[in-house]
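[1] Give me the fold of what follows.
(chains A and B, ligands or ions: 2)
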Amino acid sequence: MMRTLRRILIIVAVIVVVFPYSWVVISSIKSQAALSDPSRLIFRPTLVNWEAVIDGGILGSAATSIVVGVVTVVIALLAGTLAAYSISKWRTGGDQTRFTVLLSEMMPPAVLVIPLFYLALNAGVRDTLAAVIPAHLTFVVPVVTWFMIGFFDAVPDELEEQARVDGYGRVQAFFKVVLPQVYPGLGAAAIFAFILSWNDLFYALILAGGNTRTLPVAIASFNTFRGVELGTMSAAILISVVPVVIASFFVQRRLIQGLSGGGVKG
Amino acid sequence: MAGLRLEQLTKRYGSKDVVASIDLDIEEGQFTVLVGPSGCGKTTSLRMIAGLVEPTSGRIIIGDRDVTDLEPKDRDIAMVFQNYALYPHLSVRDNISFGLRARKKDKAEIAERVAYAADLLNVEELLDRKPGELSGGQQQRVAIGRAIVREPSVFLFDEPLSNLDAKLRVEMRTELLRLQRALGTTVVYVTHDQEEAMALADELVVMNAGTIQQRGGPQEIYDHPANTFVATFIGSPAMNLVDGSVDDGTYSGGGLRLADVDAVAGPVTLGVRPEHIHPVGDLTDEEATEPFTALVDVIEPLGATAVLSLRIDDRTLRAVVDSRWLTGLAEETTSEFVFDRSRLRFFPR
Ligand SMILES: Nc1ncnc2c1ncn2[C@@H]1O[C@H](COP(=O)(O)OP(=O)(O)OP(=O)(O)O)[C@@H](O)[C@H]1O
Ligand SMILES: [Mg+2]
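    Ligands and ions are numbered 1, 2, ... in the order given. So this is what the prediction gives:
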């Protein structure tokens, strides 16, 4: 009984997830004419949408997104890991800090975007990546911190103490002994942080929507005054979504562990 | 190798002195065991010696160096934790050699010392495994190996055997003792298990509530406990305590009357170990006190001996008697017993 129910649930879940993806894949290889009749299942596949989207400079936008993502991840990992260590092991800021780090996630981006916009304007970096990256850090650093706290919690204090007795100072003990224990978490956090940055439309659109476009901004621009170019948009969406799906697949277990604050043991 | 001295060592958490001004002088090469009930400050003391907890006040001297303000790495100590604290990401070999590599010893020397320790502890076959692939006993050996190769002045052990099963615990205990005798290194060992403490200690330090209650050889402490806390904490079954008073050389209390006792007059607590209660006839009149009658409540045979629960009035005394006396005893019947006169202890109240 339970098993049948579970099977049905899984099948439903699979359909819910797979159906939109298949729809997008099919749309990306349909001609404009075929797209106008969604019920048509028999059609001649075409690559015009893919050609159009690539000619339209989507790869350049993807590269921009990668640069933003990588720089954001590197900074967020450095800051977030050290913060998480300090919160986990030294109870920095008291026992509540671990929860309050997430408070900033609840702030609507609209609240932050105006000050960030003025900052970028005054610093003369509007419409450049130097405006987008700090904006991304505002929501990526807290998540990475939250994520890593759980992993540091799982490292016994004695390990670090043993290293200190064995001949290392605090800093070396951290790098030689504590950090290696959280490498899996660090890897998952990096991918998760990258996806968060990769998916952001709001900040990227407002702070750098002109000449410097990230991938989501480029995709949004397919919604033109002539109407939605569904075919090309589908192709672009796939370019943006596939890396996320692949990455999530490889880190899913660590991801769950990290997001639950280390509550689920891997 | 070196001795160790603690001078008025104190650790205060909040307003509570978890370790309250302890003085301790540990001779070079001795196996010293800190023993006491849970929460009495044993671990805190040990961690202060290691440098992992900063004392509120007091000094720690290792050899002739005052190490109070030194980092753990500069104290020339090695420590074995209760959970072994093996580095999960390193092989057994790299775990054992970790401290030597941290101190930049040369490769040949490291290899030699690791081989020596691995041989001593019988872990040669395990050198290339990860800690996660070892049993508890094997992890324990590796942790000890990692301490040994360092050749420190002092070994610190915090309940290193308590995660092992009972049989292995006794085996490792013997092995630890053999190892310490072979190396001759000063050891400070913490446990809450009084039997383990007795078995291992050259010098026993009994602690309670952050203070040292008594220190001395294990037999000396067993025979001459300084107070009722030590009397009941060391030894199993625990020493029987009966409140009473001494007047004119006669003890009376708890339904007992004992003439010609060696105690000063006033309120006292009589202490008698279970094995010093005998059935009448087991001792000569010289050795024995005057007999008393008790109800045999429960008999627990242990093979060579048996534990008896004896009731006098509403008080229970525990006795350990040779099992040859069991034929003459039955539960729920009364019988006559005596104390071994020379073994009675009187604690002033
Ligand atoms: N960091 C700390 N902050 C506050 N109190 C502490 C801290 N560490 C230890 N204590 C308290 O100090 C007391 C002694 O602790 P300690 O760990 O030394 O006991 P122990 O003798 O080793 O006991 P056990 O046999 O249970 O290991 C305990 O009451 C404990 O709660
Ligand atoms: Mg302890």
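[2] Tell me who's in contact with the residue of the stretch 151-266 of chain A found nearest chain B.
    Evaluated by CB to the nearest CB, the stretch 151-266 of chain A has A:Gly167 as its residue closest to chain B, separated by 3.3 Å. Quick note: C-beta positions are derived from backbone N, CA and C, even for glycine. Contacts for A:Gly167 (CB atoms under 8 Å, 6 or more residues apart in numbering or on different chains) come out as B:73, B:99, B:102-103.
[3] ok, for it, nearest residue in space, not its chain neighbours?
    Take A:Gly167 and drop its neighbours on the chain: the residue closest to it by CB to CB, 6 or more residues apart in numbering or on different chains is B:Ala102, 3.3 Å away.
[4] where's the one you found relative to A:Gly169, distance?
    Noted for B:Ala102: a distance of 10 Å to A:Gly169, by CB to CB, to the nearest Å.
[5] So between these two, which is more surrounded?
    B:Ala102 (19 against 14; other CB atoms under 10 Å in any protein chain shown).
[6] counting contacts, what elements does the helix or strand that contains A:Ala76 pack onto?
    Per DSSP states H and E: A:Ala76 is located in helix A:58-90. Other elements packing on helix A:58-90 under the criterion 3 or more CB pairs under 8 Å, 6 or more residues apart in numbering or on different chains; DSSP states H and E are helix A:97-100, helix A:129-153, helix A:183-199, helix A:215-220, helix A:230-259.
[7] Domain map for chain A?
    A:1-46, A:58-259 (automatic domain parsing).
[8] among the ones you listed, which is nearest ligand 1?
    domain A:58-259 (10.4 Å; CB to the nearest ligand atom).
[9] What are the boundaries of the helices in chain B?
    Ranges of helices within chain B are B:42-50, B:92-102, B:107-121, B:136-149, B:166-183, B:194-200, B:218-223, B:228-233, based on DSSP state H.
[10] Retrieve the pLDDT associated with the closest residue to B:Gly36 other than its chain neighbours.
    Ranked by CB to CB, 6+ apart and with sequence neighbours excluded, the top spatial neighbour of B:Gly36 is B:Met207, at 3.6 Å. B:Met207 carries a pLDDT score of 96 in this model.
[11] Likewise for B:Gln139?
    Reported pLDDT for B:Gln139: 93.
[12] By neighbours, which of the contacts of A:Gly167 wins?
    That'd be B:Gly99 among the contacts of A:Gly167, by other CB under 10 Å, with 24 neighbours.
[13] Count the neighbours of the closest residue to that residue other than its chain neighbours for me.
    In space, and not counting its chain neighbours, B:Gly99 is closest to A:Asp166: 3.8 Å by CB to CB, 6+ apart. A:Asp166 is flanked by 26 other residues according to other CB under 10 Å.
[14] quick one, what contacts A:Asp166?
    B:73, B:78, B:98-99, B:102, B:146, B:150.
[15] same thing but 10 Å
    A:173, A:176-177, B:72-73, B:78-79, B:85, B:87, B:95, B:98-103, B:146-147, B:150 (CB atoms under 10 Å, 6 or more residues apart in numbering or on different chains).
[16] which stretches of the stretch 51-200 of chain B aren't confidently modelled?
    Residues of the stretch 51-200 of chain B that meet the criterion pLDDT under 70 are absent altogether.
[17] Residue numbers of it in contact with chain A?
    B:51-53, B:71-75, B:77-90, B:95, B:98-104, B:143, B:146-147, B:150, B:152, B:156, B:158 (CB under 10 Å from any CB of the partner chain).
[18] what about 8 Å?
    Counting by CB under 8 Å from any CB of the partner chain, the stretch 51-200 of chain B comes close to chain A at B:51-52, B:71-73, B:75, B:77-79, B:81, B:83, B:85, B:87-89, B:98-99, B:102-103, B:146, B:150.
[19] Buried only: go through the residues you listed for me.
    Buried residues within these, defined by neighbour count using 16 or more other CB atoms under 10 Å in any protein chain shown: B:51-52, B:72-73, B:75, B:77-79, B:81, B:83, B:85, B:87, B:89, B:98-99, B:102, B:146, B:150.
[20] So which of those residues sit within strands?
    Among these, DSSP state E puts B:77-79 in strands.
[21] Out of the residues you listed, the closest to A:Pro108 would be?
    Sorting those by distance to A:Pro108 puts B:Met79 at the head of the list, at 51.0 Å, by CB to CB.
[22] Return the residues in contact with the closest one.
    Here B:Met79 is in contact with A:161-162, A:165, B:46, B:50, B:147, B:155-158 (criterion: CB under 8 Å, 6+ apart).
[23] The closest residue to chain A within the stretch 151-300 of chain B - how many residues pack around it?
    Per CB to the nearest CB, B:Leu156 is where the stretch 151-300 of chain B lies closest to chain A, at 8.2 Å. Applying other CB under 10 Å, we find 26 residues neighbouring B:Leu156.
[24] cool, and B:Thr284?
    7.
[25] gap between it and A:Ser221?
    From B:Thr284 over to A:Ser221 (counting by CB to CB), the distance is 109 Å.
[26] B:Pro225 is in contact with B:Leu241, isn't it?
    No - between B:Pro225 and B:Leu241 there is no contact under CB atoms under 8 Å: 10.5 Å.
[27] where do the contact lists of these two overlap?
    Each of B:231, B:271 lies in contact with both B:Pro225 and B:Leu241 under the rule CB under 8 Å, 6+ apart.
[28] which one of these two has more residues nearby?
    Comparing B:Pro225 with B:Leu241 by other CB under 10 Å, the one with more neighbours is B:Pro225, at 24 against 17.
[29] residues touching the more buried one, list them.
    So B:Pro225 contacts B:214, B:231, B:234, B:239, B:271, B:345 (CB under 8 Å, 6+ apart).
[30] separation between the residue in the stretch 51-200 of chain B that ligand 1 sits nearest to and B:Asp23?
    Ranking the residues of the stretch 51-200 of chain B by distance to ligand 1 (CB to the nearest ligand atom) places B:His192 first, at 4.1 Å. Distance of B:His192 to B:Asp23, computed by CB to CB: 22 Å.
[31] so what's the residue in the stretch 1-150 of chain B that chain A sits nearest to up against?
    Nearest residue of the stretch 1-150 of chain B to chain A (CB to the nearest CB) works out as B:Ala102 at 3.3 Å. For B:Ala102, the contacting residues are A:163, A:166-168, A:172, A:176, B:73, by CB under 8 Å, 6+ apart.
[32] what's the answer for A:Thr92, then?
    By CB under 8 Å, 6+ apart, the contact set of A:Thr92 is A:83, A:86.
[33] confidence score at it?
    A:Thr92 carries a pLDDT value of 87.
[34] and it, which of the three is it?
    coil (DSSP: H, G, I helix; E, B strand; the rest coil).
[35] what about it, distance to B:Glu336?
    Distance, A:Thr92 to B:Glu336, by CB to CB: 69 Å.
[36] Could you report the neighbour count for residue 215?
    Since you didn't name a chain, this refers to chain A. 28.
[37] Sorry, I should have been clearer: chain B.
    B:Arg215 sits with 20 neighbouring residues when counted by other CB under 10 Å.
[38] That one contacts B:Ala201, correct?
    No - applying CB under 8 Å, one finds B:Arg215 not in contact with B:Ala201, separated by 9.8 Å.
[39] what about the stretch 101-250 of chain A, any weak spots by pLDDT?
    Across the stretch 101-250 of chain A (using pLDDT under 70), the flagged ranges come out as A:225-226.
[40] who in it is up against chain B?
    Residues of the stretch 101-250 of chain A lying near chain B (CB under 8 Å from any CB): A:156, A:158-159, A:161-169, A:172, A:176-177, A:180-181.
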